[in-house]
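# got a predicted structure here, sequence first:
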Amino acid sequence: MAEEQLLLRRRRRVGEYFLEGLIRSSAFVVIAALVLIFVFVAKEAVPIVTSAVVHEEVTVATMMLPQPGGAFSWQPVSTVPKYSLLPLLIGTLKVTGVALLIALPIAIGGAIFTSEFAPQAMRELIKPAVELLAGIPSVVVGFFALMVLATWLQDAFDILIRLNAITAGIGLALAVIPIVYTVTEDALSAVPQAFRDGSTALGADRWQTAWRVVLPAAMPGAFAACVLGAGRAIGETMIVLMASGNAATVSLDPTQSFRSFSATIAAELGEVVQGSPHYHVLFFIGAFLFLITFLMNLAGHWYVQRLGQKLQGRSRLKAKS
Amino acid sequence: MTPLIEVRNYSAWYGTQPALGDISLDIHEGEILAVIGPAGGGKTTFLRGLNRMNDLDPGFRASGSIRLHGVELLGKDIDVAVLRRHLGMVFAVPVPFPVSVYQNLAFGPRLNGHTRDVEALAEKSLKAAYLWDEVKDRLRQSALNLSGGQQQRLCLARTLMLEPAVLLLDEPCSGLDPISTAKIEEALRELKKELTVVLVTNNVMQASRVADRTAFFLQGKLIEAGTTQQIFMNPSETMTHEYISGRFG
C-alpha cells in the first residue's frame, strides 16, 4: 500500500518537473525575444555614431542642430539628404499631447462614473463595450479619422488643412481611451468597500467619497494607466500614418499637418536601401522611440511604487496641510 | 423622560429576505445601550438603520418609524449626510484612510469646509479615544503604521471629530487584543458623559461590563430589552437566559 502511493507520487513529480520546465522556458523565450529585438535595433542604429561612411551624409549632430540656412528639414531622399529629427519630435509630441489631453479626462472620468456612480446593470454594459473598442484594429480607426473625422472637423472649425494634429489626435485618443479606462476602472473597483462605508459614515456624499477617498486610494493604478496610455500614444503608428498628413513641419500649431517618428519608420523603411545612411537613421529613430517608452515606463513604475509605499504607510509621509 | 431615539415597529428587508421584524425600542440620552445576540440576528442591520447606512445596500427596504428628538429619520426629506454626522459610526474592521493620522482626523471637518480649530478638536478627540499619548508625535505619519488596536481608536477619534450626539459602534473590539479592548471600553465610559452610545457586540461580557441597558436580538426579533443588571441577573425570557449563559450563540 505504502509502496503504491510512493510510485504514484514519483510519477506525478516527473510530470510536474516537465511542466515546470515548459513554463520556465516559455518565460525565457519572451524575455529573450525582447532582448534580441532591442539588440537588433541597436545594432542597426550604432553606425550613426561609429561609421565614417554614414558620417559623410549624417551625424548625430546634424540630426539635432539647425541645417545651413537655419532650417530643420526632414528630406531623406532629396539630392542633398536632410535628416533633422526636430520636425518628427515636434510632430510626435504634438499628436501625443492632443491625444492625451482628450483621452485622459474622458477615460478617467468614465472609469470613475462606472465604478462609483453607475448602477450595476449599466456597469456590466459599459465596461465590456469600452473594452471592445480596444479590439478595433488601428487601421480601421485610422480610416475613420481619415475619411469621416477629418471632414467633420474641417467643416466644424473651418480648418484649412484636412489632416492635422487634431484629427490624428482624436483618432489616437480612440485607441488610448480603452486602455486607460479599463486599467483605471479595475484600480477603482479594487478599492475596498470598507473605505466607501467609512467615508459615507463620516457624512460624505458619493461624489466626496469618490473624489477624496476612492480616487486617492486607486492613484497608483490610475497613474499606471496613464503611463500605459502615453506609451501607446507615442508608439501608435497606423492611425498617425493615415491621419497626420505626414508633412514634416516645424510647427506647434495643432491645425497643421505633421509627421511622427513611428509613421516615418513605417512609411520609409519599406523603400530604403538596406545599409544606407537613411536606413541607419530610421533604426536610430526606432532605438530612440524604444528608449523613450522604456524610460517612461521605468519612471512610471518607480512613481507607482513610491505611491504604493506611501499608501501602505511604509515610508514617512511628508507633512501636508 | 422622553427617550432620545424612539424606534417603533421598525422592520427591514434585503430584497425579499426579512432582516428585522417589528422592532420597538427606546434609546435614552447619555446611556450605553448594548445590542447582543447571535450572528445573523439583525444587530448590525438595526445599527445601520439608525444612521441609514443601509440605504446603500442594494434591495434594502425598511418600514416603521425611528424618531430622534421627535424628528422622523426614515423620511425622504432627511439629509442623510447631516444625519450620519449626528449619529457617528465605527465599524468592526478599522478602516483608516491611507493618509496621515492627522489627515484621517481632519477628513470629516473638511467635508463641511471647517478648517478652524481642527487641531484643537483633533487633540480633544484623540484624548477621548485614549490614543493621544501614543500618536501625538506621529500625527504626520501614515495611519497604516499604527497597530490594529490603535487604528480602531483612530477610527473612533475620527468619528468623534464630527462631534456626534450618538455613537454607533458595530462590534468595535471584535478583532482587538484585551488591552486595546479595555482602552476602548474605558473611552466609552468617559464618552457617555457627553453623548449616547449604541454598542453592538458579540461579546456578552463586554455588554455586562460597559452597558447601562442591554437589548437581546434573535433572528431579526427583539427578544427583550432592559437594564443590563436585569437582563443578566433576571431575564424574563428563557432564550435570553440561555444565550447569556452560553448555551447557544
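Perfect, I can see it now. Numbers count the residues shown, from 1 in each chain, chains lettered A, B, ... in the order given.

# what residues does chain B put near chain A?
B:51, B:53, B:56, B:58, B:81-82, B:84-85, B:88-89, B:91, B:93, B:95, B:97-100, B:102-103, B:106-108, B:111-112, B:140-145, B:155, B:158-159, B:162 (Cβ under 8 Å from any Cβ of the partner chain). To be clear about C-beta, it is placed using only N, CA and C from the backbone, and glycine gets the same treatment.

# among those, name the ones in strands.
Mapping the residues of chain B next to chain A onto strands (DSSP state E) picks out B:88-89.

# got a ChimeraX select line for the buried ones in the residues of chain B next to chain A?
Command for ChimeraX, covering only those of the residues of chain B next to chain A found buried under the criterion 16 or more other Cβ atoms under 10 Å in any protein chain shown:
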select /B:51,53,81,84,85,88,89,91,93,95,97,98,99,100,102,103,106,107,108,111,141,142,143,144,145,155,158,159,162
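
# okay, now the unreliable bits of chain B?
Along chain B, the model assigns pLDDT under 70 to residues B:1, B:249.

# what sits closest to B:Val210 if chain neighbours are left out?
Spatially, and ignoring its direct neighbours in sequence, B:Val210 is nearest to B:Glu185 (5.1 Å; Cβ to Cβ, 6 or more residues apart in numbering or on different chains).

# and residue 170, what is it in contact with?
You didn't say which chain, so I picked chain A. A:Ile170 sits next to A:98-99, A:102, A:145, A:149, A:153 when contact means Cβ atoms under 8 Å, 6 or more residues apart in numbering or on different chains.

# hmm, no, I was thinking of chain B.
B:44, B:47-48, B:89-92, B:200.

# try 6 Å
When contacts are counted by Cβ atoms under 6 Å, 6 or more residues apart in numbering or on different chains, B:Asp170 touches B:44, B:47, B:91-92, B:200.

# with A:Pro178 instead?
A:Pro178 neighbours (Cβ under 6 Å, 6+ apart): A:130-131, A:133-134.

# closest to chain B out of these?
Of all the contacts of A:Pro178, A:Val130 has the smallest distance to chain B: 23.2 Å, by Cβ to the nearest Cβ.

# what helices or strands is the strand or helix carrying that closest one leaning on?
A:Val130 belongs to helix A:120-134 when assigned by DSSP states H and E. Helices and strands touching helix A:120-134, by 3 or more Cβ pairs under 6 Å, 6 or more residues apart in numbering or on different chains; DSSP states H and E, are helix A:165-189.

# give me the low-pLDDT residue ranges for the stretch 51-200 of chain A?
Looking at the stretch 51-200 of chain A by pLDDT under 70, you get an empty list.

# for it, what lies in contact range of chain B?
A:194-195, A:198 (Cβ under 6 Å from any Cβ of the partner chain).

# about what we covered before: verify the contact between the residue nearest to B:Val210 and B:Ser208 for me.
No - in this structure, B:Glu185 is not within contact of B:Ser208 by Cβ atoms under 6 Å, at 11.2 Å.

# got the phi and psi for B:Leu169?
The phi and psi torsions at B:Leu169 (degrees, to the nearest 10) take the values phi -120, psi 120.

# thought it was touching B:Met89?
No - using Cβ under 6 Å, B:Leu169 makes no contact with B:Met89, being 7.7 Å away.

# could I get the full set of strands for chain A?
Under DSSP E, chain A gives strands at A:74-75, A:82-83.

# mean neighbour count, those strands: which tops it?
strand A:82-83 (a mean of 21; mean count of other Cβ atoms under 10 Å in any protein chain shown).

# tell me the strands beside it, with direction?
Its sheet considered, strand A:82-83 pairs with strand A:74-75 (antiparallel) by DSSP bridges.

# contacts for the partner strand?
For strand A:74-75, the external contacting residues (Cβ under 6 Å, 6+ apart) are A:82, A:84, A:87, A:248.

# so which of the residues you listed is surrounded by the most neighbours?
Most neighbours among these, by other Cβ atoms under 10 Å in any protein chain shown: A:Ala248, with 23 neighbours.

# which ones are touching it?
With contacts defined as Cβ under 6 Å, 6+ apart, the neighbours of A:Ala248 are A:74, A:87, A:259.

# against A:Val80, how distant is the first one?
Counting by Cβ to Cβ, to the nearest Å, the separation of A:Trp74 from A:Val80 is 13 Å.

# would B:Ala34 count as being in a strand?
Yes - membership of B:Ala34 in a strand is supported by DSSP: H, G, I helix; E, B strand; the rest coil.

# surely it touches B:Leu199?
Yes - using Cβ under 6 Å, B:Ala34 is in contact with B:Leu199, at 4.9 Å.

# for B:Thr2, what are its contacts?
Contacts of B:Thr2 (Cβ under 6 Å, 6+ apart): none.

# in three-state terms, label it for me.
With three-state DSSP as the criterion, B:Thr2 reads coil.

# how far away is it from B:Gly70?
Applying Cβ to Cβ to B:Thr2 and B:Gly70 gives a distance of 8 Å.

# off-centre distance for the biggest helix by length in chain A?
Longest helix of chain A, by residue count under DSSP state H: helix A:2-45. Offset of helix A:2-45 from its chain centre (Cα atoms, centre = their mean, to the nearest Å): 30 Å.

# now swap in stretch A:273-281 and tell me
Worked out by Cα atoms, centre = their mean, stretch A:273-281 lies 27 Å from the chain centre.

# what is the mean pLDDT for it?
Mean pLDDT, computed over stretch A:273-281, is 92.

# between the two ends of it, how far is it?
12 Å (Cα to Cα, to the nearest Å).

# on that earlier part again, most neighbours, which of the contacts of A:Pro178?
A:Val130 leads the contacts of A:Pro178 on contacts (other Cβ under 10 Å) with 19 neighbours.
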